[in-house]
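Okay, sequence plus prediction incoming.
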Amino acid sequence: MQTDKLTGRAFDDEVYAVVAQIPAGKIVSYKQIARLIGMPDHARRVGRAMASAPAELPCHRVVNSAGRTAPGWPQQRELLEKEGVRFKANGCADVVRFMWEEIL
DNA sequence: AATTTGACTTATG
DNA sequence: CCATAAGCCAAAT
């Protein structure tokens, strides 16, 4: 293994793999994904990956640390609610109950 | 190549 | 809830 350089396409590819495995009715933060792929400090990179992610990905299950939906995409909330995710009055998902925790 | 920008996070007010 | 600040890193300009 020459390097762990998950840079460029490799990083995004890992991100897509993780997002594809998020169980329905659950949410996960960018930082959490970054952590799962071994790069906890690249939360931003994850977001950028999503911005360019294929529509097949359940990217609607990816929210920020506060359970907030992505900017410019308010419909994300509707999609999550349809999967059983409850939202708080402040417009944030109830991360206390729906944040994904299958981290090994 | 340097600067700006961004689907981030945490903390503070 | 929104604004600002500082930390963080890579892609876009």
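Right, received. Where do you want to start? Numbering: from 1, shown residues only, chains lettered A, B, ... in the order given.

Okay, and the beta partners of the residue sitting nearest the centre point of chain A?
Nearest to the mean C-alpha position of chain A, counting by CA atoms, centre = their mean, stands A:Val62 at 2.7 Å. When bridges are called by DSSP bridges, A:Val62 pairs up with A:Val28.

What distance do you get for it to DNA strand B?
Computed as CB to the nearest atom of the strand, to the nearest Å, the A:Val62 to DNA strand B distance reads 6 Å. C-betas here are computed from N, CA, C, even on glycine.

now A:Val19
Taking CB to the nearest atom of the strand, one finds A:Val19 at 9 Å from DNA strand B.

Give me the phi and psi angles of the residue nearest to that residue when sequence neighbours are not counted.
Nearest non-adjacent residue to A:Val19, counting by CB to CB, 6 or more residues apart in numbering: A:Leu57, 5.1 Å away. The phi/psi pair for A:Leu57 (degrees, to the nearest 10) reads phi -70, psi 140.

what about A:Leu57, neighbour count?
Applying other CB atoms under 10 Å, we find 18 residues neighbouring A:Leu57.
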